[in-house]
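Trainee: I need the structure of the sequence given here:
(4 chains)
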There are 2 protein chains.
Amino acid sequence: MTALAALAQENRLDVFRLLVQAGPDGMPAGRVAEALDLAPNTLTFHFDRLRQAGLVTVRRDGRSMIYAARFETMNTLLGFLTENCCQGAAETCAPAVCKPAHSKRTKSTKEAAS
Amino acid sequence: MTALAALAQENRLDVFRLLVQAGPDGMPAGRVAEALDLAPNTLTFHFDRLRQAGLVTVRRDGRSMIYAARFETMNTLLGFLTENCCQGAAETCAPAVCKPAHSKRTKSTKEAAS
DNA sequence: GCTTCATTTCCATATTCGTTGAAATATGGA
DNA sequence: TCCATATTTCAACGAATATGGAAATGAAGC
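Mentor: Predicted coordinates:
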């Protein structure tokens, strides 16, 4: 539910999409701010929401903060939404899966895919 | 986007789930209010949001208003979310589909499935 | 240690949201 | 016509949200 709410906001959805495109390596906050033309403090606010929802991870690299999408959570959300749709008839519903655009088969993506 | 926002609220999500369970024939507002223990005016507010998002339709039956889930819109939303996830690599992503639990193959559901 | 760069924290503000109570509207039946 | 039922409309309120400016924090380079 918090993941759903986190994505239900234009700017946050844009941020997440951008991070999905960036792939598992993520991308520094500053580049996101520049790409989406968002004030850095505003962006921090949205990052917090996304992180709280488990949709994003952060790590520090020098003075930059690198944010990256968590595909696992996105897949859980998609699973929840389809389950929601096909109550009691799961077999009639195709499962939805979210993978990095250019899969690098890292540890985390393997887990998410399993 | 409005569909995403519409579902990102506990009560509204519950309402939608209930309507999905109810299937294409839908269910009167009063029954929804009773099932979820929501005040009728509050419920109208949420129905409006869902309708605005195209997630729900209404028709009058006697003094009751019958609300029904629109699977088509839900499928569009799922499509959007997976597209969002598999940018440029759609073939690596399984499509998500939302169907009524007990498919009755009405005109509208056939359209949604196509 | 000082300065610069990247990001966050804090505080204020305007807006939107979800809910409620009271009154209005529409339908069906006696 | 009068009444009961089902739902909506309206006005109001507190809470949460999104955004902005100013100051603080942390890391790197001189």
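
Trainee: CA atoms of the helix or strand where residue A:79 lies as CSV?
Mentor: Remark: residue A:79 resides in helix A:71-85, with elements defined by DSSP states H and E. Extracted as CSV, the C-alpha positions of helix A:71-85 are listed here (Å, rounded to 0.1, in the frame of the first residue of the first chain):
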residue,chain,number,x,y,z
PHE,A,71,12.7,-4.1,-8.6
GLU,A,72,11.8,-6.6,-6.0
THR,A,73,9.3,-4.3,-4.3
MET,A,74,7.9,-3.2,-7.7
ASN,A,75,7.3,-6.9,-8.5
THR,A,76,5.6,-7.4,-5.1
LEU,A,77,3.3,-4.4,-5.9
LEU,A,78,2.5,-5.8,-9.4
GLY,A,79,1.8,-9.2,-7.8
PHE,A,80,-0.5,-7.6,-5.3
LEU,A,81,-2.4,-5.7,-7.9
THR,A,82,-3.0,-8.7,-10.1
GLU,A,83,-3.9,-10.9,-7.2
ASN,A,84,-6.3,-8.1,-6.3
CYS,A,85,-7.8,-8.5,-9.8
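
Trainee: give me the angle between it and helix B:71-85.
Mentor: Interaxial angle of helix A:71-85 relative to helix B:71-85 (axes from the mean of the first three to the mean of the last three C-alpha atoms, to 10 degrees): 170 degrees.

Trainee: briefly note if helix A:71-85 comes near chain B.
Mentor: Yes. Helix A:71-85 reaches chain B (C-beta under 8 Å from any C-beta of the partner chain) through A:71, A:74, A:77, A:78, A:81, A:82, A:84, A:85. All C-beta atoms are positioned from the backbone trio N, CA, C, and that covers glycine.

Trainee: just give the nearest non-adjacent residue to the fifth one, would you?
Mentor: What it means is residue A:81. Nearest-residue entry for residue A:81: residue B:78, 6.3 Å, with adjacent residues in sequence omitted and distances by C-beta to C-beta, 6 or more residues apart in numbering or on different chains.

Trainee: same check, this time on the third one
Mentor: Nearest residue to residue A:77 in three dimensions, chain neighbours excluded: residue A:3, at 4.6 Å (C-beta to C-beta, 6+ apart).

Trainee: quick one: that neighbour is in a helix?
Mentor: Yes. According to DSSP: H, G, I helix; E, B strand; the rest coil, residue A:3 belongs to a helix.

Trainee: reformat the residues of helix A:71-85 next to chain B as CSV; add neighbour count, distance to residue A:32 and pLDDT.
Mentor: Output for these, formatted as CSV (neighbours: other C-beta atoms under 10 Å in any protein chain shown; distance: C-beta to C-beta, whole Å; pLDDT from 0 to 100):
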residue, neighbour count, distance to residue A:32, pLDDT
A:71, 23, 18, 94
A:74, 25, 17, 94
A:77, 22, 21, 93
A:78, 22, 23, 89
A:81, 21, 26, 89
A:82, 21, 29, 84
A:84, 16, 30, 70
A:85, 26, 32, 72
